[in-house]
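S.K.: the following comprises the amino acid sequence and a computationally predicted model.
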Amino acid sequence: GAVVSQHPSRVICKSGTSVKIECRSLDFQATTMFWYRQFPKQSLMLMATSNEGSKATYEQGVEKDKFLINHASLTLSTLTVTSAHPEDSSFYICSALPPARDEQYFGPGTRLTVT
Amino acid sequence: QQQVKQSPQSLIVQKGGISIINCAYENTAFDYFPWYQQFPGKGPALLIAIRPDVSEKKEGRFTISFNKSAKQFSLHIMDSQPGDSATYFCAASPGGYNKLIFGAGTRLAVHP
């Protein structure tokens, strides 16, 4: 149990375009999901906390207008990188938190390359 | 105060040996301490986690030792295997918020 999927696993887009990444909890309902980014050989940095039916809470330094988060259902959260630039190239990982649990379960990640 | 300091940055262990990774924190509001394992190009996978009310937790070959007074916790991997070669992250969560603050990671290489 506690499986989280992400789609796509890899995406290449041109500078200036937008790209959407989906995060789904497959076998549980997640009232809270998190979005992280990870640069090569570095740790995970929390970008935002997404609660179903409400606005996401962004970490300091993360542009909310650039990284749009939608958590429309208890099993789906989306991250849209708008007007992507090469510096946005990174590994984006989501996690989901089952209700009344401490354990976060992570998706397999999405490798974004902006050319 | 929100940092979690992890050491060593990299670790080489012979097959069958014990791998030890250490983490330290400052914020006494942290009350949940998980360890994650990450293989290249994959998302982190939860290995084991502990709360401050116990000093040790063991699951298979993985043991967390927790020292509340020193604000330190460590992961011990017994009988290390080449398949354990991965990056390990400690993390901490402040009570009631569920956010995870990650350590910098430790690259473990287990040589046959």
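M.R.: Sure thing, it's come through. Numbers count the residues shown, from 1 in each chain, chains lettered A, B, ... in the order given.
S.K.: switch to C-alpha atoms for all contacts and neighbour counts from now on
M.R.: OK.
S.K.: can stretch B:31-42 be found next to chain A?
M.R.: Yes - Stretch B:31-42 lies within reach of chain A by C-alpha under 8 Å from any C-alpha of the partner chain, at B:Tyr32, B:Gly41, B:Lys42.
S.K.: close to chain A: what parts of chain B are there?
M.R.: So chain B meets chain A at B:32, B:41-46, B:89, B:98-105 (C-alpha under 8 Å from any C-alpha).
S.K.: repeat the analysis, applying 6 Å as the threshold.
M.R.: Taking C-alpha under 6 Å from any C-alpha of the partner chain, the part of chain B that reaches chain A is made up of B:Lys42, B:Gly43, B:Ala104.
S.K.: pLDDT weak spots in the chain?
M.R.: I'll assume chain A. Counting by pLDDT under 70, chain A contains low-confidence residues at A:1.
S.K.: chain B, not that one
M.R.: Applying pLDDT under 70 to chain B picks out residues B:1-2, B:95-97.
S.K.: the residue of it found nearest chain A - how many residues pack around it?
M.R.: Taking C-alpha to the nearest C-alpha, chain A has its nearest neighbour within chain B at B:Gly43, 4.2 Å off. Residue neighbour count, defined by other C-alpha atoms under 10 Å in any protein chain shown, stands at 22 for B:Gly43.
S.K.: swap in A:Val3?
M.R.: Counted with other C-alpha under 10 Å, residues neighbouring A:Val3 total 15.
S.K.: now do A:Glu103
M.R.: A:Glu103 has 20 nearby residues by other C-alpha under 10 Å.
S.K.: phi, psi of A:Trp88?
M.R.: Slight slip there: residue A:88 is Asp, not Trp. phi -80, psi -10 (degrees, to the nearest 10).
S.K.: from the centre of chain A, give me the residue that's furthest out.
M.R.: Most distant residue from the mean C-alpha position of chain A: A:Ala100, 21.2 Å away (C-alpha atoms, centre = their mean).
S.K.: distance of that residue from B:Cys90?
M.R.: In this structure, A:Ala100 and B:Cys90 are separated by 22 Å, where distance is defined by C-alpha to C-alpha, to the nearest Å.
S.K.: who wins on neighbours among the residues of stretch B:31-42 next to chain A?
M.R.: When neighbours are counted by other C-alpha under 10 Å, B:Tyr32 leads these with 20 neighbours.
S.K.: that one is in contact with B:Ser93, isn't it?
M.R.: Yes - contact criterion C-alpha atoms under 6 Å: B:Tyr32 and B:Ser93 qualify, at 5.2 Å.
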